[in-house]
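K.L.:
okay, predicted coordinates and the sequence, questions at the end:
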Amino acid sequence: MKTLFLFLFVAFNSTALYSQCILSIRGKVNDVDAKSMLEGATVLLIETKHSVVTDKEGKFIISGLCPGDYTIRISHADCQSQDVHFHLKEDVFKDIDLPHAENILKGVVVVGAATMRAEGISAELRGKELASTRGLTLGESLQKINGVTVLQTGNNIYKPIIQGLHSSRVLILNNGIRQEGQQWGSEHAPEIDPYIANRLTVIKGAASIRYGGDAIGGVILVEPRLLQYNRQISGEVNLATFSNNRQGVLSVMTEGAFEKKGTTAWRLQGSVKRGGNARTPDYWMKNSGVEEFNMSATAGWRKEKKGVEFFYSVFNSKIGIFIGSHLGNLTDLENVIQAKQPPEYIRDADFSYLIERPYQSVQHHLLKLKLYTEEKNKNRLSVTMSSQLNIRKEYDVTRSSATIIPQLQMNLLTNMADLVWEHFSNQKFKGSVGLNGMHQINYINYRYFIPNYQSVDLGIWIAEKYQLKSWQFEVGLRYDHKNRFGITDNDAAPNDVLMGNSFLPGKPYGSKGFSGFSGTGVAAYKLSDHLRISMTTSTAWRSPQVNELFSNGLHHGAARIERGDVALSPERAWSIMGTLLFNTEKLEMDFGFYNKQINGFIYLNPTYPPLLTIRGAFPTFNYAQTDASLSGADFSMAYLFGSHVKSHLKGSILRAYNQHAKTWLIQMPADRFEGQLEYLFVDGKKLKQSSVQFGLQHVTTQKRIPPTGNIKITSPTGIVSMASDYMAPPPAYSLINFEANTSVVVNKRMVGLIFSVTNLLNTSYRDYMNSFRYFCLDRGRNISLKAKISL
Amino acid sequence: MKIQKAILPVVLFLVLIISSCKKDPANPNDGELITTVKVEFTENVSGVKESFEFRDLDGEGGNAPSEFDEISLSANKSYTCEVYLLNESVTPVDDITLEIEAEADDHQFYYTPSFSTLTISDLNEDSNNLSLGTESTWTTGAASNGNINITLKHKPGAKASGDPISKGDTDISIDFKVKIQ
């Protein structure tokens, strides 16, 4: 009691001492994308409504303040505004980084992008949050964004799921270019180095008017920061280590301008990664290592009214596939499911960095050239050309140890050209018009799974935006024509037989053409400074992919036979989305709901009996179409208790219904909820921006699956039933995570440190969206340490 | 001028890509395909030979097996059984049995009859005296019908004594119908 009194006395005294209102907040505002000092930004002290404007060097000062809690809002015409919170007890100086506004960074990428970003349909990962995902794959990083879940194949392959949709229904833009790999495969991860990005943005459910209407699920933008034309050489080194699979990641970036007030700027970046076997709480996952080597180069030249940008990146990865997932046939699968764990000789394996068969080796090149000419703040005409080469090799376990070749190789070459005219005729009316062309060649080697083909896609689009007082409207329209031709199986004699059809050799599968419109309309209304609402309607279509049309064979990664259907027609989606955004100084709420009707939804339907082969029966799936309805909600809420404690609550709910079968759709993410409690420390003499954070993540069990199906299941007691899956969805699980952040200045260099533990209690669990749930547990505790050093 | 300089690497890159896409035909025969399982029986007294086959020329998926014999044996006899694995999609036919025998330490055949009038014994062994099973003795009882499952397991580096059939990867697993008459 005595100590308490003493404490109160000191506290009172010190308050009294400082309550003379002589404190100041000083700061410097930077444009984080352009990495330049921001002149003319408005700094508003919300509590007193007092505002100042930054000077030439981006600096500002607000003085004559009493001790207490303050929030400043920094805004600038070229940038997104940002709020910064202070607990003031002495003078502070703060560097504030503002992200660059959308239309200048990359035009109206997706219709509504700018609006939606403000209206909650889109969400982004940058700064501190992005830093805490460093060292993870792109898919894993995106999981941090509310409403994004992942489709997982073991511990190295993650594909983002938006509103229940993934693979070819989610478009990824790597530095403004549509990523073109073999996206159709559920075990084919995006071939992108996340270290390229300064920001990851997810736009949920909107049809991408600019890049193609086939992104029914959503669009992911992987954006590097803008080149710096007026800075000397600088750089950044990132290090990340992980305990679970003893993984190390190193990334180095250096950039600069050739002259001081430059017209030419450049950047070089590279990263290497190596990890070994991952560990579940009970055993090592044999052969689950990963190796990656990536690099990129960017160069730019600009004059007052024109400019050129060049970008090249190469991505190389070698991914070990857990040996326990390699199955001979249906009996092997049933055995491993009944045993509830991998066989003993696999569980007995030790840690190793060695990657043996089965593994994937993937290389992806991207080359981009952009030319533009502009009248400042009026018009801008740009031409972008790009070329991508994706080489995917899959090495299966072979009977003969002498085999060195892959069992499957696919080479995909994509060339694209875009012409875009953006007009900013006045503040109220903005828009853009464009043409896209794309040519693709797919070329296969070894085992047949999908055919060789060529495709030509042409698109024309327009997107306009209109602002009227508190209202904002956006409309976009697009027409696409896609033609697939030259579809062959490489004329290898056994393959015509293999396809099981009677087409003539040479041109066995003819050609396929599809065309259609897509469109989006957005209306947003600002009710007050605290409350905004928006409504989006859109329609989009996706043509059947070659694997859906023509695949026929054993899909080794999935240990099943997949058969395409040449008669499939395009799927058409109609979506409606609403968002509500509420924020005050203490409370921030973001609520989004959606309903999507997809007619002709293409999915893999298990068939019975399983196909008989020389290796026994195999699970067999045929591509089929149905009408599907997907409805859901994503919400997030943040509340500030006092000045140091911040809480965060978020959740995602999805209901996906198969209207033909009158039952739930299979393989959809279960509902998930997450809560976080964060403590923010006052900046010390040495340690700045320190915080600790506990998180609890809860994933429910997926009960909404078709109650019966084509799969014969024999229970351990011998009861035979027909089910929709080989194994019932795994039970619900909760994970506890911990993270501590700080920044320290060492030799005048800023070093950011992050210590984190995921799955703190080493909980055993399986996730329904991990295709390895049949074979093994998910990863156990993972302790990581990350450092970011600015040079 | 600057633009021309920038276009040059694009052109070079395209040339590189196109030249790297040379048109080799796809080769589905990567030495892994087994199209045919042949079981050959020699009656131990008379020396009369008979053989039965499973044949699926296009491998897993695609067309159904083109030949799937019923194994027909005489009652109350003893047979020596030899099993052959072939790839008949190529000329000359590839005898994969040789490869199995060369890597006998990693392979094991299992014979599981569904009925009691057929017993299988005396499976041959690999160099470590572990069961291999490319050769075996089949003893028949009274006239009856049933099935036999023939499975070949591949377990590189993990083969041990008394392995259950569930261990390892399945290279072959076929249920032949059997008629004893």
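P.N.:
Happy to help now that I have it.
K.L.:
for the rest of this, base every contact and every neighbour count on C-alpha atoms.
P.N.:
Will do.
K.L.:
against A:His530, how distant is A:His76?
P.N.:
The spacing between A:His76 and A:His530, counted by CA to CA, to the nearest Å, is 19 Å.
K.L.:
who's more crowded, those two?
P.N.:
Counting neighbours by other CA atoms under 10 Å in any protein chain shown for A:His76 and for A:His530 shows that A:His76 has the greater number, 20 against 14.
K.L.:
for that one, give me its contacts.
P.N.:
Applying CA atoms under 8 Å, 6 or more residues apart in numbering or on different chains to A:His76 gives the contacts A:40-42.
K.L.:
10 Å instead, please
P.N.:
Contacts were defined as CA atoms under 10 Å, 6 or more residues apart in numbering or on different chains; by that measure A:His76 touches A:31, A:38-43, A:53-54, A:82, A:98, A:100-101.
K.L.:
try A:Glu674
P.N.:
Contacts for A:Glu674 (CA under 10 Å, 6+ apart) come out as A:146, A:636, A:648-652, A:695-699, A:734-736.
K.L.:
likewise for A:Thr241?
P.N.:
A:Thr241 neighbours (CA under 10 Å, 6+ apart): A:134-135, A:247-250, A:273-275, A:755, A:782-787.
K.L.:
between these, which sits nearest chain B?
P.N.:
A:Gly275 (23.6 Å; CA to the nearest CA).
K.L.:
got a list of what the closest one touches?
P.N.:
A:Gly275 touches A:156, A:241-249, A:288-292, A:319, A:352-355, counting by CA under 10 Å, 6+ apart.
K.L.:
measure B:Ile165 to chain A for me?
P.N.:
Between B:Ile165 and chain A the computed distance is 10 Å (CA to the nearest CA, to the nearest Å).
K.L.:
my guess is that residue contacts B:Gln108, does it?
P.N.:
Yes - B:Ile165 is in contact with B:Gln108 according to CA atoms under 10 Å; the separation is 9.0 Å.
K.L.:
name the residues contacting each of those two.
P.N.:
With CA under 10 Å, 6+ apart as the test, B:Ile165 and B:Gln108 both reach B:151-153.
K.L.:
present the residues you listed as JSON lines; the columns should include secondary structure and neighbour count.
P.N.:
Formatted as JSON lines, these follow (DSSP: H, G, I helix; E, B strand; the rest coil; neighbours: other CA atoms under 10 Å in any protein chain shown):
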{"residue": "B:Thr151", "secondary structure": "strand", "neighbour count": "21"}
{"residue": "B:Leu152", "secondary structure": "strand", "neighbour count": "23"}
{"residue": "B:Lys153", "secondary structure": "strand", "neighbour count": "23"}
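K.L.:
any idea which of those is the one closest to A:Ile216?
P.N.:
Using CA to CA, B:Lys153 is the member of these that lies nearest A:Ile216, at 44.0 Å.
K.L.:
retrieve the pLDDT associated with the closest one.
P.N.:
pLDDT recorded at B:Lys153 is 91.
K.L.:
residues in contact with it?
P.N.:
A:328, A:399, B:106-110, B:132, B:159, B:165-173.
K.L.:
quick check: domain ranges of chain A?
P.N.:
A:20-98, A:106-221, A:222-790 (automatic domain parsing).
K.L.:
between these, which gets the lowest average pLDDT?
P.N.:
Mean pLDDT values for these show the minimum at domain A:20-98, a mean of 78.
K.L.:
among the contacts of A:Gly275, which ones are buried?
P.N.:
A:156, A:241-249, A:288-292, A:319, A:352-353, A:355 (16 or more other CA atoms under 10 Å in any protein chain shown).
K.L.:
burial of residue 82, as a residue count?
P.N.:
Went with chain A since none was named. For A:Gln82, using other CA under 10 Å, the count is 15.
K.L.:
you answered for a different chain; I wanted chain B.
P.N.:
For B:Glu82, using other CA under 10 Å, the count is 16.
K.L.:
please, which helix or strand holds it?
P.N.:
Assigned by DSSP states H and E, B:Glu82 belongs to strand B:78-87.
K.L.:
what average pLDDT does that strand get?
P.N.:
For strand B:78-87, the per-residue pLDDT averages 94.
K.L.:
what do you get for stretch B:94-112?
P.N.:
For stretch B:94-112, the mean pLDDT works out to 91.
K.L.:
distance-wise, check A:Arg267 relative to B:Gly157.
P.N.:
According to CA to CA, A:Arg267 stands 48 Å off from B:Gly157.
K.L.:
right, I mislabeled it, should have said A:Ser317
P.N.:
From A:Ser317 to B:Gly157 the distance is 27 Å (CA to CA).
K.L.:
who has more neighbours out of the two?
P.N.:
Neighbour comparison, A:Ser317 and B:Gly157: the larger count goes to A:Ser317, with 20 against 10 (by other CA under 10 Å).
K.L.:
the helices in chain B, which residues?
P.N.:
Assigned by DSSP state H, the helices in chain B fall at B:2-20, B:96-102.
K.L.:
now the shortest one, how far from the centre of its chain.
P.N.:
This points to helix B:96-102. 10 Å (CA atoms, centre = their mean, to the nearest Å).
K.L.:
which outside residues touch it?
P.N.:
Residues from elsewhere that reach helix B:96-102 (CA under 10 Å, 6+ apart): A:399-401, B:31-34, B:36-37, B:83-87, B:103-104, B:106-108, B:126, B:132, B:134, B:152, B:154.
K.L.:
ok, now with 8 Å
P.N.:
Under CA under 8 Å, 6+ apart, the answer for helix B:96-102 is A:400, B:34, B:83-87, B:107.
K.L.:
most neighbours, which of those residues?
P.N.:
Neighbour-wise, the contacts of helix B:96-102 (other CA under 10 Å) top out at B:His107, 28 neighbours.
K.L.:
for that residue, which non-adjacent residue is spatially closest?
P.N.:
B:His154 (4.8 Å; CA to CA, 6 or more residues apart in numbering or on different chains).
K.L.:
pretty sure that neighbour sits against B:Tyr110.
P.N.:
No - judged on CA atoms under 8 Å, B:His154 makes no contact with B:Tyr110 at a distance of 11.4 Å.
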